[in-house]
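structure for the following, please:
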Amino acid sequence: MSLMVPRPASGRVFHAERRVRLGDVSMSGSLRVDACARYLQDVARDDSADSGIENPMGWVVRRTVLHVLQPPQFQERVRLETWCSGIGSRWAERRTTIRGEDGGLVEAAAIWVHIDPDTGRPMRLGPGFDVHYAESAAGRKVDARLQHDPVVPDRAERRPWVWRATDFDVLAHVNNAAYGAVVEEALAAHAPDRPGVRRPPLVVEMEYRDPALPGSDATLAVAADGVEGDGWALSIWLLADDRPCFTARVAAVSAPESGAMR
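Below is the predicted model of the structure:
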């Protein structure tokens with residue numbers, strides 16, 4: 001799923017623009033993971049609404065992969081391009097490119113599951129979906145399986161996590177963009193930001209598991225992993241009442257070719 005397929009030669013591609021604002025950046029001035037996730041969520045919603053597809057709100061994100069090749073910076077204007085890059089029976093993959101006027105570049109791929117608005121359970125894609133999105137997917141099939149190990153190892157550092165009222169959305173569970181703050185907290189502890197120093201290229205994998213509900217007792221667990229060369233990696237778990245509701249892996253890497261990363 002994390003193969004960053006290129007923009008299609010034909011089919012629907014939706015465009016949006018925005019400027020990276022003060023509330024979107026870390027101390028270094030780099031676009032934060034939670035803000036990036038919000039950008040992706042917003043442009044996905046705008047595309048769905050603009051397309052006229054039925055049930056435009058009936059989607060929940062299952063897995064997101066970010067290749068932050070050059071973090072967009074404070075005040076940089078960015079252009080977002082998004083399209084459907086793969087289809088399953090009850091889900092679809094959405095590719096998004098965030099490209100800044102000063103060189104910022106993020107490539108993203110996310111699996112969104114189509115849900116019944118009455119039951120909240122996955123439901124098959126309707127015929128209207130193919131009308132709008134099949135051409136850009138070009139017959140590519142994707143699955144919605146999670147890939148992270150949900151079991152927290154003994155070596156992981158654990159500490160309590162406190163929910164904020166702003167973490168919860170109209171579905172009464174933690175919004176997927178809010179989980180990006182968990183990643184930022186882990187980064188701050190293990191790879192601190194420095195004012196005026198641009199972040200290194202990152203690969204961020206985020207998986208959304210059991211929904212976290214208001215009042216649940218939460219624990220953040222983080223394990224540092226060594227990688228080849230000068231890179232580093234973190235594995236992250238967020239537990240709600242001892243159930244893994246969110247997992248992530250973050251790695252600092254040499255700038256990858258966006259089409260070659262897997």
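
which helix runs longest in the protein?
Taking DSSP state H as the criterion, the chain has its longest helix at helix 33-51.

how about the strands in the protein?
Counting by DSSP state E, the segments of the chain that form strands are 14-19, 59-70, 77-87, 91-100, 105-114, 157-161, 202-208, 218-226, 232-240, 243-252.

remind me what the fifth one packs against, helices and strands.
Same thing as strand 105-114. With contacts defined as 3 or more Cβ pairs under 8 Å, 6 or more residues apart in numbering; DSSP states H and E, strand 105-114 has these neighbours: helix 33-51, strand 59-70, strand 91-100. For glycine as for every other residue, the C-beta is placed from the backbone atoms N, C-alpha and C.

now the angle between strand 77-87 and it, please.
Angle, strand 105-114 to strand 77-87, by axes from the mean of the first three to the mean of the last three Cα atoms, to 10 degrees: 40 degrees.

ok, now which ones touch Arg194?
Met27, Ser28 (Cβ atoms under 8 Å, 6 or more residues apart in numbering).

hmm, try it at 10 Å
When the contact criterion is Cβ atoms under 10 Å, 6 or more residues apart in numbering, the partners of Arg194 are Ser26, Met27, Ser28.

any idea how far Val152 is from it?
According to Cβ to Cβ, to the nearest Å, Arg194 and Val152 sit 29 Å apart.

swap in Leu105?
Taking Cβ to Cβ, one finds Leu105 at 33 Å from Val152.

what bridges to the spatially most central residue of the chain?
With distances taken as Cα atoms, centre = their mean, Thr64 lies nearest the centre of the chain, 3.7 Å away. Beta-bridge partners recorded for Thr64 (DSSP bridges): Ala110, Met206.

right, and it touches Arg95 too?
No. Using Cβ atoms under 10 Å, Thr64 is not in contact with Arg95, being 11.2 Å away.

okay, and the common contacts of the two?
Ala108, Ala109, Ala110.

got a winner among these for most neighbours?
Among those, Ala110 has the most neighbours (other Cβ atoms under 10 Å), with 26 neighbours.

count the neighbours of Asp130 for me.
So Asp130, with other Cβ under 10 Å, has 13 neighbours.

for Leu22, see how far away it is.
For Asp130 relative to Leu22 (Cβ to Cβ), the value is 41 Å.

how about stretch 80-89 as PDB, C-alpha atoms only?
C-alpha atoms of stretch 80-89 as PDB (Å, rounded to 0.1, in the frame of the first residue of the first chain):
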ATOM      1  CA  LEU A  80      -2.400  19.600  -2.800                       C
ATOM      2  CA  GLU A  81      -3.300  17.100  -5.600                       C
ATOM      3  CA  THR A  82      -5.300  14.000  -4.700                       C
ATOM      4  CA  TRP A  83      -6.700  11.100  -6.600                       C
ATOM      5  CA  CYS A  84      -7.900   7.500  -6.200                       C
ATOM      6  CA  SER A  85      -4.900   5.200  -6.700                       C
ATOM      7  CA  GLY A  86      -6.500   1.800  -5.900                       C
ATOM      8  CA  ILE A  87      -9.800   0.100  -5.100                       C
ATOM      9  CA  GLY A  88     -10.900  -2.800  -2.900                       C
ATOM     10  CA  SER A  89     -14.400  -4.200  -2.200                       C
END
